[in-house]
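Enquirer: the sequence and its predicted three-dimensional model are supplied below.
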Amino acid sequence: MLERIAVHQTRLRVPGLSLDARGVALGAKGLVLLPSLDRLIAFLAVYTEQQSLGALGDSLRVDVVKSKLGTRELALSFDAGASDRMDKVAEVARLVGGFTFTGTSRHFVQYRDAAAPFGYDAAEISPTDAALALYHNTFSQSYDVERAVELRSLLLRLMPHADPKARLGASELWVLAEPGVGPALLGYFTRSSVSARAGVAEWPPESSLDTEPLRRWLFHVTDLPDRMLPLLARTPGVSSFAPVAPGAAVELLWRHPIALEACPVFHEQGLVLFRGRGEPALDLPTLPALAEVSSLAKTRVGDVEAQSGRALAQAPSIGVPIRLAPDTAPPSSVAAVLVPPDELPLLRRLAYALGAEVIRTTKVAITQFGAFVVRDEGIEGLPLGTFFRKIHPRVLVPQGYRVVPQVPAEVVFQALGAPADRVVFLWPDGSAAALALSSLVPLETALVEGHAWSPIAATELENVFSEEIPTVWLDALGINPLRGAQKA
Amino acid sequence: MSGQLVAELASRVLLPLLAGGELRPVPPIGVARARAVAEAGAFATAALDEVRARRLRVARRLCPLDALPDPSPGEWLLLCALNDLLQSTNPTLLGPFGGSRPRELLEMALATVTLAGPPTTVGDALSRHATFSRLLQLVRVDTHVSFWVGRRVYRGAKPPKRLTRWRSVRRVSEREQNVRLPEMAPASPEATPVFEQVLAGLVAASPLTDLETALRDLPVFRWSGAALSLVSVPEGRLLALRALGRVPAQNALWKALHELPDPVRRGVTPEAARASAAVAEMLAELERRARAGAPAMVGGARHT
């Protein structure tokens, strides 16, 4: 029989059992007793849906245990960690019909449930040499370990099942091809410029009657076009696998019963391919040598000799003058505006509508062509004159034109002589004009004329807190100054 | 008669003492008339409006007050003594056969100061400080005139016009000198000790003024009974610390204040022991302020 642990109870009978920070009875280990293998698989499937088995650490161990009555059950043990983790394990175990225990070495007591929020303690410890002694509300039983079940081999033995909801959509694939299909697939990938690597994997013969090892072409495709997916998924002799975890891949349109990405039993150096149709999984402890498919594709050797050329004595000039051609590209930011002289009065009127930031960051230069108004941040707000856009920090072309031939802007700048202190404006007819940078003055200084003002006189207010020095002035006291003082 | 004297004293001495400007002492008052002035002090209503405002402004530097009582009889007595003290420096007091007049006047002033006595309450001390806080700021303008055959000094008076005529021919030159109250001297030199005694008595009669000007050269600060009584009570000590907090040179204060009279230092009586402990507490606070480097606002005082 078990006893419920009370609040503030400190002494427990089960060895290795103690109270954690929340007062829950917890041993160093947790143990889940499952009646059969399918319950274990169900437990793993449910548990890995929500969290990784890696959280249980390297201590995860599955044993087939045998009771005195000869019944065999499965015990899944792990480091208990904290009661939070144990709570999750206990919930999953309850769902799949298992019992959860906690303890340290041999004696395990039932983990807490709704009836005993702080857990249970055994009223009496049964003397036994068995490997496990489990105490539950409904039974107390001792077990011997019959054999261990390796989790990895268990996962490899589990068959994927057809997934009707699966869709073809993976861009990274492992493709396994029969020896006769592999070279054709290799050529197909090469012609289609698919980024893939190929190698030949081999396994021991399936039957002792076979003398040759089992060989398959193995392709690792990283950017497969969608149009090829149906071909690779449904062609006989070709099996495609979608990676689900580093070192593990499941065949397309099939699904492994356990979330493999939550099982830390696969290695990146190797590869396990889970096949459908009831075929066993293929395990490659190490990946075979893989090479780019372009390196393995067939090559042709021609019989034409290579031709060698020689330099001409004088190279003909192929230089052409720079021109401006109409540009159909959408207009970009206006970096400068040329306001012709006849529109300058309009510019003066528009100055009242310009924002403070625009006026502060705009520069202007007055020339014989008119006023060049330049602003690095763009000056779209000035609907006057000819708009220029910047193709280079020092080269501007009219809006709606582009430079032909279409050489980089830096080349155009160099062709213009790369003037250091000037900014070059190209006209639609191909001519250019350079404006000295020093002639550009801030618009704010050029904009406002001198303004008359009238002085305002202020009346001084008396400082009521000023304190004058008290100054003693002595008046003449007359003939008998002490008269009043003495008389009284 | 006393009412007229009170009005003249208020307008010619009290108000200039508070507000600055020309302070023209009334003719010597003496003890008996001073007593009458003290009784009739409340009649000086005309000049007291501004006096009230000025005194309240001084008091608010140390204590957040909404109103301050009018000058007490003791303050009127001290005002009369100050008037006589200033008149004792008047050269016209001497006259023929009048060499002893300054001494007589100063002895009457001393009797008046004694009659006023020390303040009896902390509020009285604050009221006296409000009246006499500028006592030691009083200056007298002396005019030195030198001409071709001699020189004259006019103390607190302008030289006669005839003496300054034909300046270039008679080589007349004038020089004005500001003489502070402690540096003044009575009209006859033999009355100087009494003059200093009266001045010291006047300063000591307003203990807050006495403490606030503790770093003065003359008269040298010495703990008076009034000052010791004031700092012996917590409220007085708080006001004193606030007054001392207005002194710019906090480091020098400790030196000026740490010399206690011998009976007080030895604590021969319970009152002396209490005063000694209070001064020690004040000195500790001053030392803490000096270490902090800046005068602190004691007790959240509002310095207006």
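Expert: Arrived safely, thanks for sending. Keep in mind that what you see is a predicted model, and the values were worked out from it rather than measured.
Enquirer: would you mark the buried spots in the top strand by length along chain A?
Expert: Longest strand of chain A, by residue count under DSSP state E: strand A:140-149. Neighbour-count burial for strand A:140-149 flags A:140-143, A:149 (criterion: 16 or more other Cβ atoms under 10 Å in any protein chain shown). C-beta: built from backbone N, CA, C; applies to glycine.
Enquirer: likewise for stretch B:49-61?
Expert: Going by 16+ other Cβ under 10 Å, stretch B:49-61 has these buried residues: B:51-52, B:54-55, B:57-61.
Enquirer: any idea how far stretch A:221-233 is from the chain center?
Expert: Mean C-alpha position of stretch A:221-233 versus that of the full chain (Cα atoms, centre = their mean, to the nearest Å) differs by 25 Å.
Enquirer: stretch A:126-138 now?
Expert: 50 Å.
Enquirer: give me the below-cutoff pLDDT ranges for chain A.
Expert: Counting by pLDDT under 70, chain A has low-confidence residues at A:55, A:57, A:298-307, A:309-313, A:315, A:460-466, A:486-488.
Enquirer: chain B contacts on that one?
Expert: Counting by Cβ under 8 Å from any Cβ of the partner chain, the residues of chain A lying close to chain B are A:467-482, A:484-486, A:488.
Enquirer: quick check: A:Arg389 touching A:Arg402?
Expert: No. Using Cβ atoms under 8 Å, A:Arg389 makes no contact with A:Arg402, being 9.6 Å away.
Enquirer: the two: which is more packed in?
Expert: Shown here are A:Arg389 and A:Arg402; by other Cβ atoms under 10 Å in any protein chain shown, A:Arg389 has more neighbours (19 against 16).
Enquirer: give the contact list for the more buried one.
Expert: For A:Arg389, the contacting residues are A:331-335, A:396-399, by Cβ atoms under 8 Å, 6 or more residues apart in numbering or on different chains.
Enquirer: could you pull out the strands for the stretch 151-300 of chain A?
Expert: Along the stretch 151-300 of chain A, counting by DSSP state E, counting those that start in this stretch, strands occupy A:161-162, A:173-177, A:196-203, A:214-221, A:238-245, A:248-251, A:254-255, A:271-274, A:282-284, A:291-292.
Enquirer: with distance to B:Pro189 and mean neighbour count added, can I get those in CSV?
Expert: CSV is the format used below for these (distance: least, Cβ to Cβ, whole Å; neighbours: other Cβ atoms under 10 Å in any protein chain shown):
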stretch, distance to B:Pro189, mean neighbour count
strand A:161-162, 129, 12
strand A:173-177, 123, 23
strand A:196-203, 121, 18
strand A:214-221, 121, 20
strand A:238-245, 115, 20
strand A:248-251, 119, 26
strand A:254-255, 124, 18
strand A:271-274, 122, 23
strand A:282-284, 125, 18
strand A:291-292, 122, 12
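Enquirer: which one of those lies nearest to B:Leu199?
Expert: strand A:238-245 (102.6 Å; Cβ to Cβ).
Enquirer: now A:Leu69: how far from B:Ala130?
Expert: Taking Cβ to Cβ, to the nearest Å as the criterion, A:Leu69 is separated from B:Ala130 by 107 Å.
Enquirer: higher neighbour count, those two?
Expert: B:Ala130 (29 against 6).
Enquirer: am I right that A:Pro340 is in contact with A:Gly370?
Expert: Yes. Counting by Cβ under 8 Å, A:Pro340 does reach A:Gly370; the two are 4.3 Å apart.
Enquirer: so those two - more neighbours on which side?
Expert: Neighbours of A:Pro340 and A:Gly370, each counted by other Cβ under 10 Å, are more numerous for A:Gly370; the result is 20 against 13.
Enquirer: quick check: phi and psi on the more buried one?
Expert: A:Gly370 adopts backbone torsions of phi 130, psi -160, taken as degrees, to the nearest 10.
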